[in-house]
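**Student:** okay, structure incoming, though there's no sequence with it:
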């Protein structure tokens, strides 16, 4: 855990040579950032669990919004190639801030497990907006496909520090349900 790593780093930095001390301090800084991120995620999930926010529902050009959100998701995941295919001029009504958060969580999750590529597409079917996010990773076993949306569930703990906290998909599902959607 970040706290155990901080304790270890503090202990090691006390007896480390000057050139090694910088490495320990850098690691401790990363651990503090990780703890800070976890706290923000926990607070946001708790807030979402307690309150349904007042949604700022406005029409948005689906293609432009989707391309922008996918482009923003590329930054933290340079190992994954993102491909976005949206061939519609449809306007879709949603809360931009919340829906961007939901799709961003889904895209980061897809990039984390992709071998090389994340493919995003959108279509309007019978008046409903359907966004497809597919990655070329190992996939989710059928028996686990509902469980991955529970808070704090991570199917692959072996990924260590970059594996997240198991809140992103739970938050995404909640936001989508507030928009009468599903994942």
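**Tutor:** Perfect, thanks for sending it. Keep in mind that this is a model prediction, so the values were computed, not measured.

**Student:** what's the longest helix seen in the chain packed up against?
**Tutor:** If you go by DSSP state H, the chain has its longest helix at helix 18-50. Helices and strands touching helix 18-50, as assessed by 3 or more Cβ pairs under 8 Å, 6 or more residues apart in numbering; DSSP states H and E, comprise helix 2-15, helix 168-178. Where you see a C-beta, it was placed from the backbone N, CA and C, and this is true even at glycine.

**Student:** okay, buried residues for stretch 69-87 please.
**Tutor:** Using 16 or more other Cβ atoms under 10 Å as the test for burial, stretch 69-87 gives 69, 70, 73, 77, 80, 82, 84, 86.

**Student:** mind checking the end-to-end distance for it?
**Tutor:** Distance between the two ends of stretch 69-87: 16 Å, counting by Cα to Cα, to the nearest Å.

**Student:** got a pLDDT number for the most centrally placed residue in the chain?
**Tutor:** Per Cα atoms, centre = their mean, the C-alpha nearest to the average position across the chain is that of residue 105, at 2.5 Å. What the model reports as pLDDT for residue 105 is 89.

**Student:** my read: it touches residue 176, true?
**Tutor:** No. Using Cβ atoms under 8 Å as the test, residue 105 is too far from residue 176 to be in contact (10.4 Å).

**Student:** any idea which helix or strand in the protein has the lowest mean pLDDT?
**Tutor:** helix 18-50 (a mean of 77; mean pLDDT, DSSP states H and E).

**Student:** let me know the angle separating that helix from helix 2-15.
**Tutor:** On the basis of axes from the mean of the first three to the mean of the last three Cα atoms, to 10 degrees, helix 18-50 is oriented at 160 degrees to helix 2-15.

**Student:** follow-up on the earlier one: residue 129 is nearest to which of the helices and strands packed on helix 18-50?
**Tutor:** helix 168-178 (10.8 Å; Cβ to Cβ).

**Student:** give me the contacts around that closest one.
**Tutor:** Helix 168-178 has contacts (Cβ atoms under 8 Å, 6 or more residues apart in numbering) with 41, 44-45, 48-49, 52-53, 55, 95, 98-99, 101-103, 105-106, 108-109, 148-151, 153, 182-183.

**Student:** in ChimeraX, how would I select just the buried ones from the residues you listed?
**Tutor:** Selection of the buried residues among those in ChimeraX, burial being defined by 16+ other Cβ under 10 Å:
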select :41,45,48,95,98,99,101,102,103,105,106,108,109,148,149,151,183
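
**Student:** can you tell me which of the contacts of helix 168-178 are in strands?
**Tutor:** Among these, DSSP state E puts residue 95 in strands.

**Student:** roughly how far apart are residue 140 and residue 47?
**Tutor:** Separation of residue 140 from residue 47 (Cβ to Cβ, to the nearest Å): 27 Å.
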